[in-house]
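K.L.:
for reference, the sequence and a predicted model appear below.
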Amino acid sequence: MTPDQLLERIAAVLRKEIGPAVAAEYPRTQAFMASVVLQKLARQLASAEAHRAAGAADMDALVADLDATLASAATPPGIVAAVAALARGRDDAALCALIEALYRDRAALGAPRFDALLGRVRRTMRAGIDRRLEYAA
Amino acid sequence: MSGAADQAFEARVLDYLAGKMPDGRDFALANVQRIAVGWSHETWLFDLTWREGGESRSRGLCLRRDPGDTLLRHLSSLETQFRVLRCLDDTALPTPKAFWFESDPAILDKPFLVMEKVPGSCPSPWGREGRAFYQAAADRGVLPASFTASLATLHTLDWRTAGLDFLGEPAPGTGFARREIAKWRELIDLSGHAPEPILTDLIAWLEENAPATERVTLVHGAYRAGNLLIHEDRVSAVLDWELQVLGDPMYDVAYVLSDLNREGTELLSNLVDRDAFYRDYEAATGFAIDDKVCRYYNALYAMRSVAFWMSASGLHAEGRSQDLRLARTAWSVPVVLERAAKELGY
């Protein structure tokens, strides 16, 4: 049995056997909530490796696309630095910093480039949130 | 609380109330009902009976106590709630009469307020029974009109005369929206949550597109079915005074219009026909509903929802609450982030 399967089974026991047997409202609610939490954890655990790999591939593609876009025209230094930091860190903090830099330098970028760059970042974020919804929704 | 703890608590409540009513004697509590546990303020409803001037008397009361770990953290203040209710007492808006507020922990361990128990019920719109209740009320047509009329009363009352200026008038122009963004950003920062790129995008977009406020009114902040007490098919009291501000009335209107507040129905807040709401609200207030501004506030509500769930799950993660309902909200964060992405068009 894998860890996620174990969590699913414990969640089922909490939901079907323990929760209904508890008379008092507050602890009964807690038993059902424990079941929900374990079920979501199980799904998150089951998909963790696939999601990590997909996230890394998405980040690689984003960095490559941003590098290509930046090479095609002069770009405000704050955005160049933010893309470089994203290429090094490849994490959410660096992505947040890039988004802030895009909005900060929006006027210097001009509307078409701002829309293109932010649109590309948003494509990566959309894919990421879709993956998270697989276990969160 | 255990049975013994409940009895001890009720005895302390009784002592407190007896002290507030020196002309009475033979005080007793009846029909004690605890209606909320650990999510927001703790709430007890009960009937107080006593003798005074040779007569038996009775009064329905509601006691709300701050557990110190509500999801709004420092942004939720029972003292502010008490002051708001006192200010609203002399207005046309139906609200519970507030009697006392105490911050001394020697009395009931934590700050609390005592207010009137207003007749009525408050069905949750999220369950099957609640939805059926509001659908039946919608079919009769009386409660929907009362819903809209109460919101119009809230938005047209003279908040300066009522003494509500202590809530703080926003700076002119985009001050209201920016103040809300700052407030929810503060709650997000306090939660200690990991960086969320969609949230960063949303906040930057909100700051860039903040609308100018045309007029400043009292704003409830969570005006919907479920936060209104209903008696004889009408709103008997507007409840949940935790998010009120002085600001743009379209903030409340956007909440009424929001998909967040209806489930499996086209009726706004599970209750009101959209066209009727526009017609009746605009006629009663003289304010034109600005759909573009309402769409902006809908995106701001997405940020607020993220702040709520980050704060709630953070309270559990920090060990300040053991309530697993708060732990569960960690998975609500991506759900509202996805909604935020949709609001931004992706």
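P.N.:
In hand now; what should we look at? Since the model is a prediction, treat every value here as computed from it, not as a measurement.
K.L.:
residue 42: neighbour count?
P.N.:
This is for chain A. Other residues near residue A:42 number 21, with proximity taken as other Cβ atoms under 10 Å in any protein chain shown. The way it works is simple: take the backbone N, C-alpha and C, and place the C-beta from them, glycine included.
K.L.:
switch to chain B, that's the one I care about
P.N.:
One way to gauge burial is a neighbour count; for residue B:42, by other Cβ under 10 Å, it gives 20.
K.L.:
check residue B:215 too.
P.N.:
Summarising burial for residue B:215: neighbours were counted as other Cβ under 10 Å, giving 12.
K.L.:
wait, it sits on residue B:287?
P.N.:
Yes - Residue B:215 lies in contact with residue B:287 (Cβ atoms under 8 Å); the separation is 7.2 Å.
K.L.:
quick check: neighbours shared by the two?
P.N.:
residue B:249 (Cβ atoms under 8 Å, 6 or more residues apart in numbering or on different chains).
K.L.:
mind listing what the closest residue to residue B:179 other than its chain neighbours touches?
P.N.:
Taking Cβ to Cβ, 6 or more residues apart in numbering or on different chains, and ignoring the residues beside it in sequence, residue B:179 has residue B:170 as its nearest neighbour in space, at 5.3 Å. When contacts are counted by Cβ under 8 Å, 6+ apart, residue B:170 touches B:176, B:179, B:213, B:216, B:245-247.
K.L.:
can you rerun that using 7 Å?
P.N.:
Remark: with contacts taken as Cβ atoms under 7 Å, 6 or more residues apart in numbering or on different chains, residue B:170 is in contact with B:176, B:179, B:213, B:216, B:246-247.
K.L.:
phi, psi for it please.
P.N.:
Torsion angles at residue B:170 (phi, psi; degrees, to the nearest 10) stand at phi -70, psi 160.
K.L.:
per-residue pLDDT, it?
P.N.:
As summarised for this prediction, residue B:170 has a pLDDT of 98.
K.L.:
so residue B:235 sits in a strand?
P.N.:
Yes - Residue B:235: assigned to a strand according to DSSP: H, G, I helix; E, B strand; the rest coil.
K.L.:
tell me how far it lies from chain A.
P.N.:
When distance is defined by Cβ to the nearest Cβ, to the nearest Å, residue B:235 is 28 Å away from chain A.
K.L.:
isn't that residue right up against residue B:144?
P.N.:
No - Residue B:235 lies out of contact with residue B:144 (Cβ atoms under 7 Å); the separation is 10.3 Å.
K.L.:
which residues sit against the helix or strand bottoming out on mean pLDDT in chain B?
P.N.:
Across the helices and strands of chain B, mean pLDDT, DSSP states H and E gives its lowest value to strand B:25-36, namely a mean of 89. Contact with strand B:25-36 is made by B:10, B:13-14, B:17-18, B:42-51, as judged by Cβ under 7 Å, 6+ apart.
K.L.:
just the buried positions in it, please.
P.N.:
Along strand B:25-36, the positions that meet the burial threshold by neighbour count (16 or more other Cβ atoms under 10 Å in any protein chain shown) are B:27, B:29, B:34.
K.L.:
and the last one, what are its bridge partners?
P.N.:
Okay, so that is residue B:34. Residue B:34 has the following beta-bridge partners by DSSP bridges: residue B:44.
K.L.:
residue furthest from the geometric center of chain A?
P.N.:
Most distant from the centre of chain A: residue A:23, at 38.8 Å, with distances by Cα atoms, centre = their mean.
K.L.:
related to what we said a few turns ago, which of the contacts of strand B:25-36 are buried?
P.N.:
Burial of the contacts of strand B:25-36 was assessed by neighbour count (16+ other Cβ under 10 Å); the buried members are B:10, B:13-14, B:17, B:42, B:44, B:46, B:48-50.
K.L.:
which two among these are spaced furthest apart?
P.N.:
With distances taken as Cβ to Cβ, the most widely separated pair in the buried ones among the contacts of strand B:25-36 is B:42 and B:50, at 23.9 Å.
K.L.:
returning to that earlier point: shared neighbours, residue B:235 and residue B:144?
P.N.:
Residues touching both residue B:235 and residue B:144 do not exist when contact is defined as Cβ under 7 Å, 6+ apart.
K.L.:
got the residues of the stretch 51-200 of chain B near chain A?
P.N.:
B:194-198, B:200 (Cβ under 7 Å from any Cβ of the partner chain).
K.L.:
contact partners for residue A:96?
P.N.:
The neighbours of residue A:96, taking Cβ under 7 Å, 6+ apart as the test, are B:195, B:197, B:200.
K.L.:
got the domain boundaries for chain B?
P.N.:
With automatic domain parsing serving as the domain definition, the record reports that chain B contains domains spanning B:3-116, B:128-343.
K.L.:
the longest one: how far from the chain's middle?
P.N.:
Relative to the centre of its chain, domain B:128-343 is centred 9 Å away, using Cα atoms, centre = their mean, to the nearest Å.
K.L.:
for that domain, measure first residue to last.
P.N.:
The straight-line separation of the ends of domain B:128-343 (Cα to Cα, to the nearest Å) is 28 Å.
K.L.:
and for the shortest one?
P.N.:
Between the start and the finish of domain B:3-116 there is a gap of 25 Å, counting by Cα to Cα.
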